[in-house]
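J.: Sequence and computational prediction follow.
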Amino acid sequence: MLIARDGGCTKPCCTVGAYGCQVHHVDADWSDGGNTNVDELGLACGADNRSVDKDGGWSTRMNDQCEVEWIPPPRLDTGQARLNHYHRPERLLRPPDDPSVPGDPVVWAEPADANGISDAEPADECDETVPAEPDSPTQSADSAGEPGGPAPPEGRAA
């Protein structure tokens, strides 16, 4: 379940995939009485999992969308991202407040107006039809001597 949700280490900028990660207790560590419930766990690589401590290190929390947020210690906090989208770039396609149902197709352009013209594409003002492909392949000078190629000049062997 964590692999499907997180895809890999949840610390921002970490590219370690799910199979290189450990299960991380997000809010309270197991040794401190934290629960081992899937909604309180996240994936973290070994190095990032060990960087979380209550004595001035990194801390983590679960946001309302069940995403693990990483909060740096005050000396390192420069306002950087708290979420890692490396393993789940599809999360960047829709704003988090979008009320649409998951699985709906993504709309990339504005709908066409009554004339069928969209702002996303230039109007095609030419009604010419494209000629059909010829039935036989075109021959070039490079194919001389090949089956189906042009005949050699008079008096010369192929």
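T.: Noted; the coordinates are in hand.

J.: Tell me which stretches of this structure form strands.
T.: Taking DSSP state E as the test, the strands found in the chain are 21-25, 41-45, 59-62, 68-71.

J.: Report the buried residues of stretch 65-74.
T.: Residues of stretch 65-74 classed as buried by neighbour count (16 or more other C-beta atoms under 10 Å): 67-70, 72. The C-beta positions use only the backbone N, C-alpha and C, and glycine is treated the same way.

J.: Most tightly packed of the strands of the chain?
T.: Ranked by mean neighbour count, the strands of the chain are led by strand 41-45 with a mean of 26 (mean count of other C-beta atoms under 10 Å).

J.: now the strands of the chain as CSV including mean pLDDT and distance to T78?
T.: Converted to CSV, these look like this (pLDDT from 0 to 100; distance: least, C-beta to C-beta, whole Å):
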stretch, mean pLDDT, distance to T78
strand 21-25, 91, 23
strand 41-45, 92, 21
strand 59-62, 89, 16
strand 68-71, 90, 12
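
J.: how about JSON lines for those strands, with distance to P152 added?
T.: Listed next are the strands of the chain as JSON lines, based on distance: least, C-beta to C-beta, whole Å:
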{"stretch": "strand 21-25", "distance to P152": "68"}
{"stretch": "strand 41-45", "distance to P152": "68"}
{"stretch": "strand 59-62", "distance to P152": "77"}
{"stretch": "strand 68-71", "distance to P152": "73"}
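
J.: so which of those gets nearest D6?
T.: Among those, strand 41-45 comes nearest to D6, with 4.3 Å by C-beta to C-beta.

J.: other SSEs contacting the closest one?
T.: Packed against strand 41-45 by the contact rule (3 or more C-beta pairs under 8 Å, 6 or more residues apart in numbering; DSSP states H and E) you find helix 2-6, strand 21-25, strand 59-62, strand 68-71.
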